[in-house]
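Trainee: below is the sequence, then the predicted model.
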Amino acid sequence: MKKNEFDELKDLTVKELEQKRNEIAKRLFDQRIQVRLGQVKNTRILRNLRKEIAQLNTVIKQKKKNK
């Protein structure tokens, strides 16, 4: 996730952020299965998806704290 994409996340509501986090978690699950089955060789995708989830969690916590 690029810096400008991360800044755009701050404009979303908590509900939208949680929905986006769930979508990425589903993609992470699907990618894990594909890696285990040997369909995907690039495991860097898993790291990037986990990083995106962590960034979303950070923004969600900040928004909830500010309310």
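Mentor: Sure thing, it's come through.
Trainee: okay, now residue 10: neighbour count?
Mentor: Residues near residue 10, counting by other CB atoms under 10 Å, number 10. All C-beta spots, glycine's among them, are computed from the backbone N, C-alpha and C.
Trainee: quick check: phi and psi on it?
Mentor: phi -70, psi -20 (degrees, to the nearest 10).
Trainee: my guess is it contacts residue 59. True?
Mentor: Yes: taking CB atoms under 8 Å as the definition, residue 10 is a contact partner of residue 59 at 6.1 Å.
Trainee: quick one, helices of the protein?
Mentor: 3-9, 14-37, 44-66 (DSSP state H).
Trainee: dump these to a markdown table, plus mean neighbour count and mean pLDDT.
Mentor: Converted to a markdown table, the helices of the chain look like this (neighbours: other CB atoms under 10 Å; pLDDT from 0 to 100):
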| stretch | mean neighbour count | mean pLDDT |
| --- | --- | --- |
| helix 3-9 | 11 | 78 |
| helix 14-37 | 14 | 96 |
| helix 44-66 | 14 | 94 |
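Trainee: which residue is the nearest non-sequential neighbour of residue 18?
Mentor: Of all residues not flanking residue 18 in the chain, residue 60 sits nearest, at 6.5 Å (CB to CB, 6 or more residues apart in numbering).
Trainee: residue contacts, residue 50?
Mentor: By CB atoms under 8 Å, 6 or more residues apart in numbering, residue 50 lies in contact with residue 28.
Trainee: much appreciated, bye for now.
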